[in-house]
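Visitor: sharing a model that was predicted from the sequence below.
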Amino acid sequence: MKSLIALIFAAALAPAFAAEGSAPAAKPDLTKGQAIATQVCAACHAADGNRGSPAYPILQGQHPEYLAKQLHEFKAGKRKNPIMQGFAAQLSDEDMRNVAAFYASKQAKPGFATSKDTVALGESIYRGGIAAKAVPACAGCHNPTGAGIPSQYPRLGGQHGAYTQAQLAAFASGARANNPQMMAIASKMSEAEMKAVADYIAGLR
């Protein structure tokens, strides 16, 4: 009986000791994140990740978990880009959390589709997929408004059309290999379909 009581007592104490031994993750420091954004990232992504060159992604309002994950994968070489790999290599885990939180704290500005001729096709792909090619609707993972799902899928709404199209092409060719699901989807799409849905996404809000 004594040994049974001892076991119960030990089991009751175990969670308490475990909680004491595992300190919670520090809250991101937006001031430090802004410093990194200004000193390291601004040349390509503008001062606060806003609507800079279409060759680079808009970072404002992006989910912090997604941004931190991409930085980790650049650093590890899982996502290939010589420029980003060089910058990410300089950042600690804390730096990545801080700069990701800084960009996420900003309100993304709305974008616009530019091609009236392809809006219907882009909307059809985004909302309904391409049944004949077994391409699922983008909205299923990225939200009908393009807001994405925190910790799982990135925000797409308002993103530069040229950038989104380039990423779809990179997934399709295997040049961007850090997401098997997107590689499989993009590989089934034509260039015209990628361009149409990317332009439609640019106007989502």
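Guide: That came through fine. Numbers count the residues shown, from 1 in each chain.

Visitor: which residues in this protein form helices?
Guide: Counting by DSSP state H, the chain has helices at residues 2-21, 30-36, 42-45, 64-76, 82-88, 93-104, 119-128, 139-142, 161-173, 180-186, 191-202.

Visitor: can you put these in TSV and add mean neighbour count and mean pLDDT?
Guide: For every residue, glycine as well, the C-beta is placed using N, CA and C. Written out in TSV, the entries for the helices of the chain read as follows (neighbours: other Cβ atoms under 10 Å; pLDDT from 0 to 100):
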stretch	mean neighbour count	mean pLDDT
helix 2-21	9	41
helix 30-36	17	97
helix 42-45	15	94
helix 64-76	19	97
helix 82-88	14	96
helix 93-104	22	98
helix 119-128	18	98
helix 139-142	17	97
helix 161-173	19	98
helix 180-186	16	98
helix 191-202	22	98
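
Visitor: tell me which of these sits nearest to Q152.
Guide: When these are compared for distance to Q152 using Cβ to Cβ, the nearest one is helix 139-142, at 7.5 Å.

Visitor: closest one to Y56 among the helices of the chain?
Guide: It's helix 42-45; of the helices of the chain, that one is closest to Y56 (Cβ to Cβ) at 4.8 Å.

Visitor: can I get that closest one as CSV, trimmed to CA atoms?
Guide: The C-alpha trace of helix 42-45 is given here as CSV (Å, rounded to 0.1, in the frame of the first residue of the first chain):
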residue,chain,number,x,y,z
ALA,A,42,14.5,46.8,-46.3
ALA,A,43,16.6,46.8,-49.4
CYS,A,44,14.3,44.2,-51.0
HIS,A,45,11.2,44.2,-48.9
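
Visitor: quick one: contacts of it?
Guide: Residues from elsewhere that reach helix 42-45, judged by Cβ atoms under 8 Å, 6 or more residues apart in numbering: A37, G52, S53, Y56, P57, L59, I83.

Visitor: what's the spacing between the residue nearest to A89 when sequence neighbours are not counted and S92?
Guide: When the adjacent residues along the chain are set aside, A89 lies closest to K75, with 5.6 Å between them (Cβ to Cβ, 6 or more residues apart in numbering). Distance of K75 to S92, computed by Cβ to Cβ, to the nearest Å: 10 Å.

Visitor: export the helices of the chain as JSON lines, with columns for distance to Q152.
Guide: JSON lines is the format used below for the helices of the chain (distance: least, Cβ to Cβ, whole Å):
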{"stretch": "helix 2-21", "distance to Q152": "27"}
{"stretch": "helix 30-36", "distance to Q152": "22"}
{"stretch": "helix 42-45", "distance to Q152": "23"}
{"stretch": "helix 64-76", "distance to Q152": "8"}
{"stretch": "helix 82-88", "distance to Q152": "21"}
{"stretch": "helix 93-104", "distance to Q152": "15"}
{"stretch": "helix 119-128", "distance to Q152": "18"}
{"stretch": "helix 139-142", "distance to Q152": "7"}
{"stretch": "helix 161-173", "distance to Q152": "17"}
{"stretch": "helix 180-186", "distance to Q152": "11"}
{"stretch": "helix 191-202", "distance to Q152": "17"}
